[in-house]
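*Asks:* here are the coordinates; sequence isn't available:
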């Protein structure tokens, strides 16, 4: 399975950090009693607004199932308003 996509900065607030924080994208497979981590990829958006930065990672062989993405930064509010999109693909 591969996970590929883009992240970008849509806008920034007054007093924002000089650059956006790195975004961590984690892919989980729904399971019981917990959801196992399938893979993870990090990417920092450009500090130039609306410039898309791509990312891609190989998640290895994964079973056909239901997956979801959790995207986050380590700072609650760095002053940057970011966005992203991506696609999970099975071979």
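*Replies:* It's in. Owing to the predicted nature of the structure, the values given are computational and were not obtained by experimental measurement.
*Asks:* burial of residue 56, as a residue count?
*Replies:* Burial of residue 56 is recorded as 13 neighbouring residues (other C-beta atoms under 10 Å). Heads up, the C-betas are built off the backbone N, CA and C, glycines and all.
*Asks:* where does it fall, helix, sheet strand or coil?
*Replies:* Look at residue 56: counting by DSSP: H, G, I helix; E, B strand; the rest coil, its state is strand.
*Asks:* any idea how far the residue nearest in space to the middle of the chain lies from residue 62?
*Replies:* Nearest residue to the geometric centre of the chain (C-alpha atoms, centre = their mean): residue 25, 3.2 Å. Noted for residue 25: a distance of 15 Å to residue 62, by C-beta to C-beta, to the nearest Å.
*Asks:* do residue 32 as well
*Replies:* Computed as C-beta to C-beta, the residue 32 to residue 62 distance reads 17 Å.
*Asks:* quick check on these two: which one has the bigger neighbour count.
*Replies:* Of the pair residue 32 and residue 62, residue 62 is the one with more neighbours under other C-beta under 10 Å, namely 17 against 5.
*Asks:* I figured the more buried one hits residue 29, correct?
*Replies:* Yes. Using C-beta atoms under 8 Å, residue 62 and residue 29 qualify as a contacting pair, with a distance of 6.8 Å.
*Asks:* between those two, which contacts overlap?
*Replies:* Common neighbours of residue 62 and residue 29, counting by C-beta atoms under 8 Å, 6 or more residues apart in numbering, are residue 38.
*Asks:* this completes my enquiry, with thanks.
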